[in-house]
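# Provided below for reference: sequence and predicted model.
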Amino acid sequence: RLVLAPMVGASELPFRLLSRKYGADLCYTPMIYSARFVEDDAYRQAELRTAPGDAPLVAHFCGNCPATLLKAARLAEPHVCAVDLNLGCPQRVAHSGNFGSYLCATAEGRATVLSIVRTLSSHLRVPVFCKIRLLDELDETLSFVRQLRDAGCALLAVHGRYRGSATRRRDGPAHLEQVAAVVAEVKRAAGEQMPVLSNGNVRSAADLLSALAATGADGVMSAEGALDDPAIF
Ligand SMILES: Cc1cc2nc3c(=O)[nH]c(=O)nc-3n(C[C@H](O)[C@H](O)[C@H](O)COP(=O)(O)O)c2cc1C
């Protein structure tokens, strides 16, 4: 229910252990580049450094090639409880690499995402998770969420912000009412089959509880709030 978000330069092993000590139920690795993870032994060792007590752990990958992501996920599979796809990154690096939120911005990109989710969910032993941002229109978000679920997504984290720009990534309050709409849609269409995590607007322990209440989500994910106060959970 209480989840440490993926954070480059933060959700590495030491911070995960600290967060778990203070109540995090589930932790994500920072973003891992799937192609480099497949090709580079040293990168693989460094990015998936784990230890006893560092469980349950989600390996959080970016990429746009189903075959490469499957290879990467298979290498990670013995060490984690799930594999997650970064579908929310708004940074320039995601634009130039065509991954993250940019991959979800066009119908063609979303078709690629669905093919990745189908490939992973049909070949892995561990479940496939997705982390998304809001699309421009709520209807688009809801339809994409239904498609992700049908493709085999087992858990969805929703950062309640739009893509924004590469330099204004987390400005302003998150739109938790849209996260609530996603939760309602998933419950309506799929019962309890795909848990949803709400992400955004959490700066304190009280905010964790109000995000859960406001959205009806199964869990809540925190990044900056957890960095400010690792005991937030
Ligand atoms: C230092 C830092 C690094 C981040 N790295 C990632 C990442 O690797 N992958 C990702 O999907 N989101 C990343 N994010 C975004 C967070 O996971 C989260 O979606 C966002 O910060 C909103 O949550 P918050 O309001 O609790 O901070 C990062 C955020 C921060 C602050």
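Cool, got the structure.

# which bits of this structure sit near the ligand?
Residues of the chain lying near the ligand by CB under 6 Å from any ligand atom: 5-10, 30-31, 60, 86, 88-89, 131, 159, 170, 199-200, 202, 222-225. Where you see a C-beta, it was placed from the backbone N, CA and C, and this is true even at glycine.

# Strands - which of those land there?
Cross-referencing the residues of the chain next to the ligand against strands under DSSP state E gives 30-31, 60, 86, 131, 159, 199, 222.

# can you tell me which residues contact Ala94?
By CB atoms under 8 Å, 6 or more residues apart in numbering, the contact list for Ala94 reads 62, 100-103.

# Looking at those, spot the one nearest Glu140.
Ser101 (12.7 Å; CB to CB).

# On the three-state scheme, that closest one is what?
Look at Ser101: counting by DSSP: H, G, I helix; E, B strand; the rest coil, its state is helix.

# Against Gly200, how distant is the closest residue to it other than its chain neighbours?
Of all residues not flanking Ser101 in the chain, Arg163 sits nearest, at 4.4 Å (CB to CB, 6 or more residues apart in numbering). Applying CB to CB, to the nearest Å, the value for Arg163 to Gly200 is 14 Å.

# Comparing these two, which shows the higher neighbour count?
Each of Arg163 and Gly200 has its neighbours counted (other CB atoms under 10 Å); Gly200 has more, 28 against 22.

# Any buried residues in the helix ranked longest in the chain, and which?
Counting residues, the longest helix in the chain under DSSP state H turns out to be helix 107-123. Neighbour-count burial for helix 107-123, counted by 16 or more other CB atoms under 10 Å, picks out 109-110, 112-114, 116-121.

# And those, which two are furthest apart?
Gly109 and Ser121 (18.6 Å).

# quick one: contacts for the most centrally placed residue in the chain?
Nearest to the mean C-alpha position of the chain, by CA atoms, centre = their mean, lies Lys131 at 2.9 Å. Listed by CB under 8 Å, 6+ apart, the contact set of Lys131 reads 6, 28, 60, 84-88, 156-159, 199.

# pLDDT wise, what is the nearest residue to it once chain neighbours are set aside at?
Distances taken as CB to CB, 6+ apart put Ala157 closest to Lys131, at 4.2 Å, once the chain neighbours are dropped. At Ala157, the model reports a pLDDT of 98.

# is it fair to say Ala157 lies in a strand?
Yes: when classified by three-state DSSP, Ala157 is found to be part of a strand.

# hang on, Leu18 packs against Pro230?
Yes: between Leu18 and Pro230 a contact is recorded at 5.0 Å, counting by CB atoms under 8 Å.

# neighbour-wise, which of these two wins?
Set Leu18 next to Pro230 and count neighbours by other CB under 10 Å: Pro230 wins out with 17 against 14.

# Report the contact partners of the more buried one.
By CB under 8 Å, 6+ apart, the neighbours of Pro230 are 15, 18-19, 22.

# And those residues, which is closest to the ligand?
Within the contacts of Pro230, proximity to the ligand (CB to the nearest ligand atom) peaks at Phe15, which comes in at 10.3 Å.

# Please report how far that closest one lies from Tyr22.
From Phe15 to Tyr22 the distance is 11 Å (CB to CB).
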